[in-house]
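A.B. asks: I'd like to go over a predicted model; first the sequence, then the structure.
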Amino acid sequence: MATDSQGNRPLSEEELQELVAASDAGARDPGGNVGLFLAIVAAIWSIFQVILASPMSNVILPGSVVNNSRQIHLAFAIFLAFAAYPAFRSSPRHYIPVTDWVMAAAGAFIALYGYFFYDKIVNSGGLADDVDKWFALAGLLLLFEAARRALGPAMAIIATIFLAYVFFGSGAWVPEVIQWKGASLKKAMSHMWITSEGVFGIALGVSTKFVFLFVLFGALLDKAGAGNYFIKMAFGALGHLRGGPAKAAVVGSAATGLISGSSIANVVTTGTFTIPLMKRVGFTSEQAGSVEVASSVNGQIMPPVMGAAAFLMVEYVGISYVEVITHAFLPAAISYIALVYIVHLEAVKRNMPTLGNRDVHLARTILGMFGFFAVFAGLCYGSQFPVQAVSAWAPSAAGLIMSAIVIAIYLVLLRMAASVPDLEPDDPNDPDVELPDIAQIYKAGLHFLLPIVVLVYFLMIEQKSPGLSAFWATALLFVILVTQRPLKAIFRGESETANAFAAGIRDLWEGLIAGARNMIGIALATAAAGVIVGTVTLTGVGQVMADLVEFLSGGNLILMLLLVGLLSLILGMGLPTTANYIVVSSLMAGVVVELGAQSGLVVPLIAVHLFVFYFGIMADVTPPVGLASFAAAAVSGGDAIRTGFTAFFYSLRTVALPFVFIFNTDLLLIDVGWVQGIIVAITATIAILVFTSGTMGWFLTRNRIYESIALIFVAFALFRPDFFMDRIAPPFKQVEPAQFTATLGELEEGQSLRLVVAGPDFDTGEMIDKSLVVSVGPEEGGDARADALGFMLIEEDGMVKLDEPMFGAPIQSDLDGFDFYADEPVRITAVKADAVQPPKELVFIPALIFLALIALLQRARVRQQAPATRQGETA
């Protein structure tokens, strides 16, 4: 195979599949009866998880199995990890050594320890005895080794360091700032393994209840042929444009990333086709790989799955799943729009040729794509009306009738698919590239959209749990996988129905196995990350991280956010998306909340979690441990480090957006109505495109330096109109602390006041400030409202002092960091009430005028350049 100018060789298809297997599904393939046994175990795991998510789980499964499903989930993962992942590169790939069998069996047994000895543990109140603690310690060691094999050394090393801190945190060699009293082996093992505070905590519970079904759904959808269909549709829509392969790579990766939990698998799956075509039209190996990396990693921030982090956010933030994906959607969508624009600008700058011989109609293409998404969204939304009609007409049989309607729609769509040839993967190295014609191929996969519509309907319209929603969509996929081949054969009048049915059963079998193997790493990641979460709750090290960041930032808010972003990036290195989010959110989310409050920045918790998540996943891009960049370089034959840095440059908008939505939560559609939401979406899209033009150095033509600076300034004004409006008309008016209760009484119900409370810190005794927002209730009068909130006010010595609020009072959790019994009193030092302020959207007008002026300047320059270009061509 040919090499590039650096002497790097693109990996073959077989080598690439081995790369994905080694990172996501296990590199060992023992074959024979052993391979069949492992396949059966994997399929049983998938079937168990499907039954567990079904509405009949409590009828089919014993109560003890349902109650201990996390233990069973981890037992399958540990067993398959030791069976599927060799210990070292030199370890055998085609058989399983005895030591691995022993560790697999021991790991599975100890994972099920809580199931086997459930009554004993319940009766002891979750406290480990002398036998329990040794089993728990062995379980942790086996878990770390399984995680090392499946996820690489990073996760195991980080978890080991945190566990060591639990035992040795009181040592003299530990820096004083992070010292703690330490814990005994019995206490630590109770916390980490016996109770639900550590390994078997929230993260593993989310993996058990939700994540598995979505990973299985993605594996089955891909096995049905949806992945190839999405890529072909993307190339049919965009491949004929300038830089078309890169644009198609972005859209294809977006479609794949919607249901994928792995950026590496996304890179290799779509990259094997897109990267060679990108190189053909003029992208360098590094640029082609970088576009694929940026596209694939972006798939991890795109709802509905977000690399499984969306389900964890539901538990950690305490809001519904619908709210999580609503808040996460707009930043992810405009990030993808910006990436399409980035590759467009690269193509324009390099004057890249187009592929194929089709006429280019950019406007028609854009309208067609928006039309498709509008129709799809309309179908998802409109599906509720026939359901409501059927439910009103025949409430007792509504489920059966709707199932029959779905099957009828499936048969119609499959009849359409049978009228065109099946889609075969194209060879990107074929010298004659023939782009797919959407008018001819769209029928071939419309039935793949049906399970997605079902999923979105149950999630967004019915607002069922993610697990139950994925169950119904997966159940439909079972039907599709088994029946699509034989039904197509019948519709086409072919006589191979029996063979087609057998092939469908084989597709389902392989999909069940693939789903389970793809889950091994995620299950181990959530379990191992539970040790980190358990350490934080046991030792209080989260407060130490806040102190460290505050010390390094000197109290500067922007510097604090930069440090948190950098630490999230470092903590996320080498970790899969799920573990990445658990680690960075456990350690860094509280830092942003606490230090932000001290600086007067009150941020919704979902914005904080998305902030650290965005920076955490950038670790997949950034050298030296950018796993996705290494995978892309293996496909392209480019230099991995240069690919990583180029991908980071392409991902600048992913770095900038978290800073925007921390300060302007409108971007997350928090407390935003429909009309304002549309305005925010339009202006945010314009802003991200303008920001991209500024950083890429090209708008209508090549930018001059001052134009790039001006474009970034315009983007900032569109993203942060409040920054300028607050300086024109301050958003708050100062109120004397002595007027606190009087001001409370004057406000309307639902309005809020901002307070700054000063007092001695409970742990250090040092004076600290904390900002908090209190909302006015329905009570009459300021005193009644203050009492309802829990304020115990004492006015003396010219100060408004606070006594310790009663337990359970609304403000109790906000003030529990203060020492109310120290010599220095806790007091209110500032009160701010909302002031009347002009709409911040007025800032958009001068910003857009400024943008128009830049466009006029560049258009004039383009007109001057055009005659010179024509003269040069004539000469």
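C.D. replies: Happy to help now that I have it.
A.B. asks: now Leu446, nearest residue through space, not along the chain?
C.D. replies: Among residues not flanking Leu446 along the chain, Leu413 sits closest, at 4.7 Å (CB to CB, 6 or more residues apart in numbering). Quick note: C-beta positions are derived from backbone N, CA and C, even for glycine.
A.B. asks: count of neighbours near that neighbour?
C.D. replies: Using other CB atoms under 10 Å, Leu413 has 19 neighbouring residues.
A.B. asks: quick one: what helix or strand has it in it?
C.D. replies: helix 398-418 (DSSP states H and E).
A.B. asks: Show me what the very next helix or strand once past that helix is packed up against.
C.D. replies: Downstream of helix 398-418, the first helix or strand assigned by DSSP H and E is helix 438-441. Counting by 3 or more CB pairs under 8 Å, 6 or more residues apart in numbering; DSSP states H and E, the packing neighbours recorded for helix 438-441 are helix 226-238.
A.B. asks: ok, now how distant is Arg754 from Val735?
C.D. replies: 10 Å (CB to CB, to the nearest Å).
A.B. asks: joint contacts of those two?
C.D. replies: Listed as contacting both Arg754 and Val735 by CB atoms under 8 Å, 6 or more residues apart in numbering are 831-833.
A.B. asks: between these, which is nearest Ala308?
C.D. replies: Nearest to Ala308 among the shared contacts of Arg754 and Val735 is Lys832, at 40.0 Å by CB to CB.
A.B. asks: and Asn351, that one's in a helix?
C.D. replies: No - counting by DSSP: H, G, I helix; E, B strand; the rest coil, Asn351 is not found in a helix; it is coil.
A.B. asks: who's in contact with it?
C.D. replies: Contacts of Asn351 (CB under 8 Å, 6+ apart): none.
A.B. asks: Would you mind measuring from it to Pro276?
C.D. replies: 21 Å.
A.B. asks: Please apply the same query to Asn664.
C.D. replies: Asn664 is 41 Å from Pro276, by CB to CB.
A.B. asks: How about Ile532?
C.D. replies: Counting by CB to CB, the gap from Ile532 to Pro276 is 40 Å.
A.B. asks: More neighbours: these two, which one.
C.D. replies: Ile532 (23 against 19).
A.B. asks: Would you quantify the distance from the closest residue to the more buried one other than its chain neighbours to Met155?
C.D. replies: In this structure, Ile532 finds its nearest non-sequential neighbour in Phe162, 5.0 Å apart by CB to CB, 6+ apart. Phe162 is 11 Å from Met155, where distance means CB to CB.
A.B. asks: Break down the stretch 651-800 of the chain into its strands, ranges please.
C.D. replies: Secondary structure of the stretch 651-800 of the chain by DSSP state E, counting those that start in this stretch: the strands cover 732-735, 752-760, 767-775, 793-796, 799-802.
A.B. asks: wait, I meant the stretch 1-150 of the chain
C.D. replies: Under DSSP E, counting those that start in this stretch, the stretch 1-150 of the chain gives no strands.
A.B. asks: so where do the helices sit in it?
C.D. replies: Along the stretch 1-150 of the chain, the segments classed as helices by DSSP state H, counting those that start in this stretch run 13-20, 32-53, 57-60, 63-67, 69-84, 98-111, 113-116, 118-123, 130-151.
A.B. asks: highest average neighbour count across these?
C.D. replies: helix 69-84 (a mean of 25; mean count of other CB atoms under 10 Å).
A.B. asks: how big is the angle separating that helix from helix 32-53?
C.D. replies: Relative orientation of helix 69-84 versus helix 32-53 (axes from the mean of the first three to the mean of the last three CA atoms, to 10 degrees): 160 degrees.
A.B. asks: Direction-wise, compare helix 69-84 with helix 130-151 and give the angle.
C.D. replies: Relative orientation of helix 69-84 versus helix 130-151 (the same axes, to 10 degrees): 50 degrees.
A.B. asks: on that earlier part again, in the shared contacts of Arg754 and Val735, which residue is surrounded by the most others?
C.D. replies: Most surrounded of those: other CB under 10 Å gives Val831, at 22 neighbours.
A.B. asks: How about the contacts made by the closest residue to it other than its chain neighbours?
C.D. replies: Leaving out its chain neighbours, the residue that sits closest to Val831 by CB to CB, 6+ apart is Val735, at 4.2 Å. With contact taken as CB under 8 Å, 6+ apart, Val735 is in contact with 743, 753, 831-833.
A.B. asks: Count the neighbours of the closest residue to Pro331 other than its chain neighbours for me.
C.D. replies: Counting by CB to CB, 6+ apart, Pro331 lies nearest to Leu657, which is 4.9 Å off, once chain neighbours are set aside. Residues within reach of Leu657, counting by other CB under 10 Å, total 25.
A.B. asks: and Ser383, what does it touch?
C.D. replies: 453, 457, 461.
A.B. asks: Looking at those residues, which are in helices?
C.D. replies: Val453 (DSSP state H).
A.B. asks: can I get the contacts of Val735 in CSV with pLDDT and distance to Ala246?
C.D. replies: CSV is the format used below for the contacts of Val735 (pLDDT from 0 to 100; distance: CB to CB, whole Å):
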residue, pLDDT, distance to Ala246
Thr743, 87, 57
Leu753, 85, 51
Val831, 89, 54
Lys832, 87, 49
Ala833, 85, 52
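A.B. asks: Tell me the confidence at Leu355?
C.D. replies: pLDDT, Leu355: 67.
A.B. asks: wait, is Ile828 part of a strand?
C.D. replies: Yes - membership of Ile828 in a strand is supported by three-state DSSP.
A.B. asks: For it, name its beta-bridge partners.
C.D. replies: The partner list for Ile828 in beta bridges (DSSP bridges) reads Val757, Val800.
A.B. asks: let's number from 42 now, not from 1
C.D. replies: Sure, I'll start numbering at 42, so the last one becomes Ile869.
A.B. asks: I'd like to know how many residues surround it.
C.D. replies: Counted with other CB under 10 Å, Ile869 comes out at 20.
A.B. asks: next one: Glu837
C.D. replies: 8.
A.B. asks: can you pull the contacts of it?
C.D. replies: Contacts of Glu837 (CB under 8 Å, 6+ apart): none.
A.B. asks: Let me see the confidence value for it.
C.D. replies: 84.
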